[in-house]
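In: Quick one: sequence plus predicted model below, questions after.
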Amino acid sequence: MKIQEYADRDMLAIDVANELAGDLEAALLHHDTVAFAVPGGTTPGSIFDSLCAADLAWDRVRVLPTDERCVPADHERSNERLIRERLLTSRASIAEYVPLYVPGADPEAALPEIESLIAPVLPLAVLVLGMGEDMHTASLFPGMEGLAAALGGHAPTLAVARTETQPEPRITLTAPVLDGALSKHLIIYGTGKREALEHSLSLPPEEAPIAAVLSGITVHWAE
Ligand SMILES: O=C1O[C@H](COP(=O)(O)O)[C@@H](O)[C@H](O)[C@H]1O
């Protein structure tokens with residue numbers, strides 16, 4: 001794990017967007033299409049605002065969320081909504097979006113259909129992760145039912161996350177899928193998340209799921 005510190009969040013957003021564009025460009029040199037997984041939540045919007053203008057073969061990039069809340073795609077809590085509004089715009093508007101949530105069915109029943117959408121685009125070439133102060137990443141939450149299976153080396157591609165702390169169920173990529181990305185970046189803002197990340201290093205992944213995906217990752221941090 002390598003930590004890059006930035007003077008402020010604006011600098012981080014610009015530099016990380018440039019680094020991601022470089023990673024995608026390098027991956028596109030070797031593959032017809034590349035899978036690019038990105039988080040939702042409050043952290044990545046300003047990075048998306050810069051990255052969307054990168055001069056890349058976006059028509060060969062498959063963008064998917066690291067995790068999704070089971071809400072309609074136009075809902076304010078939808079990660080798809082954020083990604084479509086802030087990343088899949090400008091030059092990046094021609095990238096293909098691969099969803100992790102399909103409306104209607106209950107999440108467990110929908111997993112086979114979603115897996116059939118995701119499987120053809122894997123493995124991940126470039127991964128961006130966020131993290132909560134509770135040390136969850138994607139929607140791998142400490143203490144959630146099924147966490148040990150979702151962290152294990154033989155985990156299926158997807159897991160359903162149901163926690164008391166979240167208002168709706170979620171669907172998440174599992175740890176081996178995330179950890180297997182060729183290029184991995186974690187974006188965290190603020191002292192609380194920095195301390196939580198450092199604390200996670202001394203905990204088992206069941207208590208700190210972020211710890212399961214840190215091998216070879218670059219952490220980008222600004223206050
Ligand atoms: O709920 C989520 O949480 C994490 C962290 O979110 P943030 O708002 O603290 O940046 C995020 O990475 C994940 O994709 C999202 O669904």
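Out: Yes, it's here.

In: any residues touching the longest helix anywhere in the chain, and which ones?
Out: Longest helix of the chain, by residue count under DSSP state H: helix 9-30. With C-beta atoms under 8 Å, 6 or more residues apart in numbering as the test, helix 9-30 has contacts from 4, 6, 34, 36, 46-51, 54, 56-57, 60-61, 125-126, 128, 182-183, 185, 187, 189, 218, 220-223. To be clear about C-beta, it is placed using only N, CA and C from the backbone, and glycine gets the same treatment.

In: Now list the buried members of the residues you listed.
Out: Applying a neighbour-count criterion of 16 or more other C-beta atoms under 10 Å, the buried members of these are 6, 34, 36, 46-51, 54, 56-57, 60-61, 125-126, 128, 182-183, 185, 187, 189, 218, 220-222.

In: can you give me the strands in the chain?
Out: When assigned using DSSP state E, the strands of the chain occupy the ranges 2-5, 34-38, 61-65, 67-69, 96-97, 124-129, 158-161, 170-173, 183-189, 218-222.

In: Please tabulate those strands in JSON lines and include mean pLDDT as additional columns.
Out: Shown next, in JSON lines, are the strands of the chain (pLDDT from 0 to 100):
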{"stretch": "strand 2-5", "mean pLDDT": "98"}
{"stretch": "strand 34-38", "mean pLDDT": "99"}
{"stretch": "strand 61-65", "mean pLDDT": "98"}
{"stretch": "strand 67-69", "mean pLDDT": "98"}
{"stretch": "strand 96-97", "mean pLDDT": "98"}
{"stretch": "strand 124-129", "mean pLDDT": "98"}
{"stretch": "strand 158-161", "mean pLDDT": "98"}
{"stretch": "strand 170-173", "mean pLDDT": "98"}
{"stretch": "strand 183-189", "mean pLDDT": "98"}
{"stretch": "strand 218-222", "mean pLDDT": "98"}
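
In: Residue 116 is nearest to which of these?
Out: strand 158-161 (10.8 Å; C-beta to C-beta).

In: buried set for that closest one?
Out: 158, 159, 160, 161.

In: Of the residues you listed, which fall within the contact range of the ligand?
Out: On the criterion C-beta under 6 Å from any ligand atom, none of the entries of the buried residues of strand 158-161 sits beside the ligand.

In: For the ligand, state which of these is nearest.
Out: The ligand lies nearest to residue 161 out of those, by C-beta to the nearest ligand atom, at 9.3 Å.

In: my guess is that closest one contacts residue 68, does it?
Out: No - applying C-beta atoms under 8 Å, one finds residue 161 not in contact with residue 68, separated by 9.9 Å.

In: Find the residues that touch each one of these two.
Out: 139, 170, 171, 172.

In: Dump the buried residues of strand 158-161 to a markdown table, plus distance to residue 119.
Out: Formatted as a markdown table, the buried residues of strand 158-161 follow (distance: C-beta to C-beta, whole Å):
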| residue | distance to residue 119 |
| --- | --- |
| 158 | 10 |
| 159 | 15 |
| 160 | 17 |
| 161 | 20 |
